[in-house]
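Q: next input, structure requested:
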Amino acid sequence: MESRQKTAPLLSLPTELLHEIITYLPTLTLVDLLSTCRDLRTHALEDSMWQKVINANLPSIAPLASPHPYPSFRTLYATFHPNWFLPKNKLWIADNAATGKLLLARYDPQRAVIEAHSLVAERGMHTFSLWAHDDEVIIHTFSPKVQLDLNSPAIRLGPYAHADGRSCGIRESPLHKRLQREIPMDTHTGPGSQGIYSTFMLTRPLDPSLINPGTSVWPPQIIPAGERARNESAQQFNAIGHKPSCLSEMSTGTFRLRKWMQFGTSRIPGHGGISMRMGEDVVTYGTLKEEAYTPTLDKPWQGIWVGDYSGHGCEFLLVTQPNKEDERPLPEGVRQRRSQAVLSTAYFDTGTHAILNPYPLTVLNASDETELEAVEEEEEITAEKEHGHYGQVESSDTRYRGRLEAIKLTGDPNVPRGEYTFIAPDIGSNGLIRTATEDPFRGARIVKSAGHIAGSGFRDDQYIATQLIMISHDRLAQYWEQFGHISFYQRVNVDALVRGDVSC
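A: Have a look, this model is predicted:
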């Protein structure tokens, strides 16, 4: 009987079709394909395949056309594996007490390093003027300069960071030692930085089923994130339980930086000399879901914004428009109970939508729910008549629909990072106050909102009645009724910064 060699159906496909199928494989599966058979190995070694893998991890910049200074794109990928998640996610927020920090990570092909720099903003010159609508309100002009702090990177990872200085492949063993090893970084080279050291470490994400409202995690639960990690540890995160032992345990949405000062003649134990280590600090970083800050036709207000916080300077915040099914319960300070009398400038309905009363101090006896509903309805009708909206059918423009939340990514001693700075429960018809007819906000939509304030140390925090002036998709203004001034927020062009524009 004549023996016939059988060919796998996959290998019988045309070369172009087989190549297209392989491009959909996960990266590590592509690596495993190298050891299956000669034909598939040839396809998996195709450098154009690895070029696509590299560029998929470098969003918002021109695709790399050359792997220089490396001989191939596969070598380039292996060199920085498994740290490509840093430039892929771009934006990283820190859990530093109160202030926090916002980093932007990039791959620099000229110097062949993965770096992350702090995003900073200068408030610049500003003037004061009175609001024509209310001459007791002061308008602070705002023209911020947003840029990267290129003087001292927060992260700098060179070739083979996880390989002890040795050339390695993607599947090199022992893997668990490489993943749990802390990577020394050469980031403190400027004047006055002698004796300061820092290391980069991978993290293990916390199982979502173990997270409850009281769990200390980063990013905080009000920030849309795919993964969260613990940000409290009695052992300064030295226990191996905080670090991955395999790639499937490695978080691509969080990492940590350890920083300390070292005094003496030697920083390496056992190498002689006297050494003293002190001031050790570990900061946990997390990233955001890109869809939460990416504007769309239906959600044009989403984005990373910089705000004018007067004496506290500029702060960065996330403005997001969650879908109805993703909305979190309104904070307790905003969502007053119907069964209690309200003595405030703001109260909210606990139904399917929230209504903020923008008018002066109001006292309601809310023991009778029917009576309260009648009061609410009457106030809404009165407001609409007063501002010319009563009886009108508003446009179905989807840009003005649903909730708008502003969350601090960096903060100050009063309201820290990871907290709401203001909430507009409904920017649609239920939240509309009026359309501005006065300069400089002529034509702007003004909606009901609640601003978050607190004493130093985040003491006695509360929400006060505010008005959100929606000037444009790139600029917002918040009217803080209690303090009588208007603060501005301006969108940050993140993609321009990633592309290398040092300011925007």
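Q: surely residue 298 meets residue 427?
A: No: because the distance of 12.0 Å does not satisfy Cβ atoms under 8 Å, residue 298 is recorded as not touching residue 427. Heads up, the C-betas are built off the backbone N, CA and C, glycines and all.
Q: those two - which one has more neighbours?
A: Here residue 298 and residue 427 are compared on neighbour count by other Cβ atoms under 10 Å; more neighbours surround residue 427, at 22 against 13.
Q: what ranges do the helices span in this protein?
A: Taking DSSP state H as the test, the helices found in the chain are 15-22, 27-32, 38-44, 47-56, 73-80, 85-89, 175-180, 290-293, 369-386, 494-498.
Q: out of these, which comes closest to residue 462?
A: When those are compared for distance to residue 462 using Cβ to Cβ, the nearest one is helix 369-386, at 21.6 Å.
Q: which residue is nearest the middle of the protein?
A: Most central in the chain under Cα atoms, centre = their mean is residue 288, positioned 3.8 Å from the mean C-alpha point.
Q: got a list of what it touches?
A: If you count contacts by Cβ atoms under 8 Å, 6 or more residues apart in numbering, residue 288 has them with 91, 93, 219, 223-225, 318.
Q: kindly report the same for residue 187.
A: Residues near residue 187 by Cβ under 8 Å, 6+ apart: 152-156, 198.
Q: and it, backbone torsions?
A: Backbone dihedrals for residue 187, given as degrees, to the nearest 10, come out at phi -110, psi -10.
Q: which pLDDT value goes with it?
A: At residue 187, the pLDDT value in this model is 85.
Q: repeat for residue 372
A: Confidence at residue 372, expressed as pLDDT, is 34.
Q: could you do residue 324 as well?
A: Here, the pLDDT recorded for residue 324 equals 91.
Q: same question, residue 216
A: On pLDDT, residue 216 comes in at 94.
Q: counting neighbours, what do you get for it?
A: 14.
Q: touching, it and residue 233? I think so.
A: No: at 9.6 Å, residue 216 and residue 233 do not qualify as touching, with contact defined as Cβ under 8 Å.
Q: for stretch 49-67, list every residue counted as buried.
A: Counting neighbours by 16 or more other Cβ atoms under 10 Å, one finds that the buried residues in stretch 49-67 are 49-51, 53-54, 57-58, 61, 67.
Q: format those as TSV; extra columns: distance to residue 334 and pLDDT.
A: As requested, the buried residues of stretch 49-67 are arranged in TSV below (distance: Cβ to Cβ, whole Å; pLDDT from 0 to 100):
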residue	distance to residue 334	pLDDT
49	51	86
50	50	90
51	50	91
53	45	91
54	46	93
57	40	93
58	40	92
61	40	76
67	52	93
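Q: returning to that earlier point: list residues touching both of residue 298 and residue 427?
A: Counting by Cβ under 8 Å, 6+ apart, the common neighbours of residue 298 and residue 427 are residue 401.
Q: ok, back up a step: phi first, then psi, for the residue nearest to the centre of the chain.
A: According to degrees, to the nearest 10, residue 288 has phi -110, psi 160.
Q: what's the pLDDT at it?
A: You'll see residue 288 listed with a pLDDT of 94.
Q: just give me the closest of the contacts of residue 288 to residue 137.
A: Comparing the contacts of residue 288 against residue 137 with Cβ to Cβ picks out residue 318 as the nearest, at 26.6 Å.
Q: contacting residues for the residue nearest to the closest one when sequence neighbours are not counted?
A: The shortest distance from residue 318 to any residue other than its chain neighbours is 4.7 Å, reached at residue 407 (Cβ to Cβ, 6 or more residues apart in numbering). Listed by Cβ under 8 Å, 6+ apart, the contact partners of residue 407 are 222-223, 317-318, 320, 418-421.
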